[in-house]
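> Sequence and predicted structure are below.
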Amino acid sequence: MKQKLKTHKAMAKRVKITGSGKIMRRKVALSHLRRNKSPHSVRSMDKEFPLATADSRRKNTMTRVKRGVPAHKRHKKLLQMAEGHRGTRRRLYRPAHESVMRSMAYMYRDRRTRKRDMRRLWITRINAAARMHGVSYSKLMHAIHTANIDVDRKILAEMAVNDEAAFSALLQTALATIS
């Protein structure tokens, strides 16, 4: 059987070279799309548009970026943060991410709570030491402020627990100014 000779008719239908050397391309086999269309849309289908050369296409595209390496780094960092969590919260990325985000929220909250708790503890210790000397906490603090003694509650609590003599001397000095 003799093989059919291939012609360039198919490409000739689609492409034409203008006088200036520009390659223009036209859509083909649009007769089925022209049915029930307005004359305006039929004319727009007949329009030819310039065919981009391979060089012009290449200069506009960027190089392909494969995103695996940064993603692996990010996942590894997060899974490292999830060490000590139980079960899949330590092993799988999504549960680990949820767990770490929640733990970070707790950390943020509790850094502020810790400051309140420590202040309450200092006040309790100062109050207990002051009452051993027969003075309430509020009267002691009023006396310290009027005597212009610059000692904060942290140091006062430390003195009350570890240095009883210094605390009683400070208390006597403060009380002497208000009486």
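Here it is on my side, so go on.
> Helices along this protein, start to end?
Residue ranges of the helices in the chain, as given by DSSP state H, are 9-14, 31-34, 39-46, 54-60, 68-81, 88-91, 93-132, 137-146, 153-162, 164-178.
> quick one: which of those is nearest residue 25?
Comparing the helices of the chain by their distance to residue 25 (C-beta to C-beta), the top pick is helix 9-14, with 5.9 Å. Yep, even glycine has a C-beta here, placed from its N, CA and C like the rest.
> Show me the shaky parts of this structure.
1-8, 27-31, 48-49, 51-60 (pLDDT under 70).
> domain parsing for it?
Segmentation of the chain into domains, based on automatic domain parsing, reads 10-57, 71-178.
> Need the winner for burial among those domains.
The highest mean neighbour count among these, using mean count of other C-beta atoms under 10 Å, belongs to domain 71-178: a mean of 14.
> hang on, the earlier thing: closest to residue 23 out of the helices of the chain?
helix 9-14 (10.3 Å).
> Send over that closest one as PDB, restricted to the C-alpha atoms.
Presented in PDB, the C-alpha positions along helix 9-14 are these (Å, rounded to 0.1, in the frame of the first residue of the first chain):
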ATOM      1  CA  LYS A   9      -1.700  22.600   3.900                       C
ATOM      2  CA  ALA A  10      -2.700  22.200   7.500                       C
ATOM      3  CA  MET A  11      -0.100  24.700   8.600                       C
ATOM      4  CA  ALA A  12      -0.800  26.900   5.600                       C
ATOM      5  CA  LYS A  13      -4.400  27.200   6.800                       C
ATOM      6  CA  ARG A  14      -3.200  28.300  10.300                       C
END
